[in-house]
Structure formats: structure tokens, C-alpha cells
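Asks: A predicted structure for the sequence below; I have some questions about it.
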Amino acid sequence: MVEKFKTPQEEFWAGEFGTDYIGRNSSVQGLASNLNLFLKALKHAGLVTSCLEFGANIGINLKALQLLYPSIHLKAIEINHNAVKQLTNLVGESNVFEGSILEYPIVDKVDLSLIKGVLIHINPDILDSVYEKLYQASNRLILVCEYYSPTPISIPYRGHVDRLFKRDFAGEMLGKYPDLKLVDYGFLYRRDPAFPQDDITWFLMQKS
């Protein structure tokens with residue numbers, strides 16, 4: 001039997017749990033909050049002409065970027081087939097790679113590599129490979145939006161173990177790639193009265 005995915009975390013998100021997540025990730029409030037996030041995180045980025053999102057789900061982050069940059073070329077990687085079906089309506093079938101981030105073949109580079117709420121669900125043993133994909137896919141900017149912890153920790157996630165990990169993802173990338181420079185960073189709070197996010201910390205990095 002050939003294994004379809006290298007880690008149980010990938011199989012988890014490709015299956016029923018990932019499909020159920022779609023319903024929790026499609027609100028109009030979520031779109032507004034993402035637009036607020038990108039306005040803050042990309043205020044020093046200049047014009048962004050292309051973006052590849054790693055783990056895009058149905059594309060709610062890409063929708064917000066499209067509002068911010070109407071001419072932006074959007075591409076996406078998504079592991080859940082049901083999410084891909086909606087994602088293709090937004091960015092076009094040819095711009096979606098269905099499968100694991102690890103299997104994504106980097107051919108063309110983009111202005112912005114984006115990952116939001118995905119690194120926290122990736123098996124720590126393969127993080128270096130995902131960092132490499134994020135780095136190689138970008139010719140200029142990398143935006144990481146994840147839960148932060150100065151020390152790597154695993155915490156229970158909706159009744160599951162080993163499915164959510166916190167650490168200093170951006171700090172590890174800055175240490176791994178000497179030409180990456182931190183442009184800006186910030187935090188968005190779940191109790192924000194207008195634009196709540198799920199206690200996300202964001203880091204914008206740029207190649208020098």
C-alpha cells in the first residue's frame with residue numbers, strides 16, 4: 001500500500017476534519033478581519049503583484065488580498081479536495097495545486113509567500129522542508145501569521161493531540177536564511193471589537 005501523505009497531520013486536514021473546517025472559515029466577518037490584518041502587515045510592502053498561499057483552504061485570505069491589490073495574481077496550495085473545489089472558483093484551476101505542501105513543485109516565484117494558521121498544524125519534523133518551500137517560492141516577501149511561543153509546545157486541539165504546535169516560526173526562518181530581514185510584526189487579538197483574529201502574531205520578512 002502506498003502512503004498518500006508523509007505525516008498524520010496532512011492526512012487529518014485532507015480528510016473529514018479539514019472538510020468540516022470549511023464551514024468555520026467562511027464568514028464575512030472573517031473576510032473583514034483578514035483585510036484589516038493585511039492592511040497592517042503589508043503597509044511597508046509596496047505593490048504586491050503576485051502571491052502564493054500555502055494551505056489556502058477556500059481562499060478567504062486570498063479574497064482579502066484581492067480587495068487590497070485588485071490586479072494581484074493569486075496562486076494556492078491546498079490539501080483538502082472539498083476546499084479546492086471552492087478555491088478554484090476564486091483563483092482558477094490552473095493556479096491551484098491540490099496536495100501536500102511538501103509535494104509542491106516550485107517553478108515560478110511570486111512577490112509574496114503567505115502562510116496563515118497552517119504552520120501550527122504541520123508536523124514539527126518536516127518544518128524545515130516547509131520553510132524551504134516558503135523561502136524558495138518568494139522572490140521578495142514572506143508573511144507568516146501563526147500562534148507564537150518562544151518555546152516549542154504542543155497543545156490539545158478540538159479534542160485531538162499532536163495537531164497544534166506553537167513556536168517561533170518566523171524566528172526560525174530568520175535564523176535559517178541570513179538574507180531574510182524582519183520588516184514588521186504585530187499581534188491581532190480575539191477580543192478586538194471590530195476585527196477579531198484568533199490571537200495571531202504576524203511577521204513580514206523580506207529577502208535582501
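Replies: The structure has been received and is ready for your questions.
Asks: just how off-centre is stretch 36-54 within its chain?
Replies: 12 Å (CA atoms, centre = their mean, to the nearest Å).
Asks: Now do it, average pLDDT.
Replies: The pLDDT scores in stretch 36-54 average 97.
Asks: what's the neighbour count on the nearest residue in space to A170 that is not next to it in sequence?
Replies: Using CB to CB, 6 or more residues apart in numbering and skipping residues adjacent in sequence, the residue nearest A170 is F203, 3.5 Å away. Where C-beta positions appear, they are placed from N, C-alpha and C, glycine not excepted. Neighbour count for F203, taken as other CB atoms under 10 Å: 22.
Asks: How about the one 5 residues further on?
Replies: A total of 7 residues lie near S208 under the criterion other CB under 10 Å.
Asks: Report the next helix or strand after the strand or helix carrying A32 in sequence order.
Replies: Assessed by DSSP states H and E, A32 sits inside helix 28-41. For helix 28-41, the following helix or strand on the C-terminal side (DSSP H and E) is strand 50-54.
Asks: Past that next one, which element shows up next along the chain?
Replies: Using DSSP H and E, the first helix or strand after strand 50-54 is helix 60-68.
Asks: Contacts for that following helix, please.
Replies: With contacts defined as CB atoms under 8 Å, 6 or more residues apart in numbering, helix 60-68 is touched by 25-26, 30-31, 34-35, 37-39, 42, 48, 51, 53, 56, 72, 74, 76, 90-91, 114, 116.
Asks: could you check the angle strand 50-54 makes with the helix or strand that comes right after that helix?
Replies: Once helix 60-68 ends, the next helix or strand along the chain (criterion: DSSP H and E) is strand 73-78. On the basis of axes from the mean of the first three to the mean of the last three CA atoms, to 10 degrees, strand 73-78 is oriented at 10 degrees to strand 50-54.
Asks: hmm, who's touching strand 73-78?
Replies: 49-57, 59, 62, 65-66, 84, 87, 90-91, 95-99, 101, 104, 110.
Asks: Also stretch 148-155?
Replies: With CB under 8 Å, 6+ apart, stretch 148-155 has contacts from P124, V161, D162, L164, F165, K166, R167, D168, F169, T201.
Asks: Of the contacts of strand 73-78, select the buried ones using a PyMOL command.
Replies: Listed next is the PyMOL selection for buried residues among the contacts of strand 73-78, using 16 or more other CB atoms under 10 Å:
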select buried, resi 50+51+52+53+54+55+56+57+59+62+65+66+84+87+90+91+96+97+98+99+101+104+110
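Asks: re earlier: would you mind measuring from the residue nearest to A170 to T88?
Replies: 29 Å (CB to CB, to the nearest Å).
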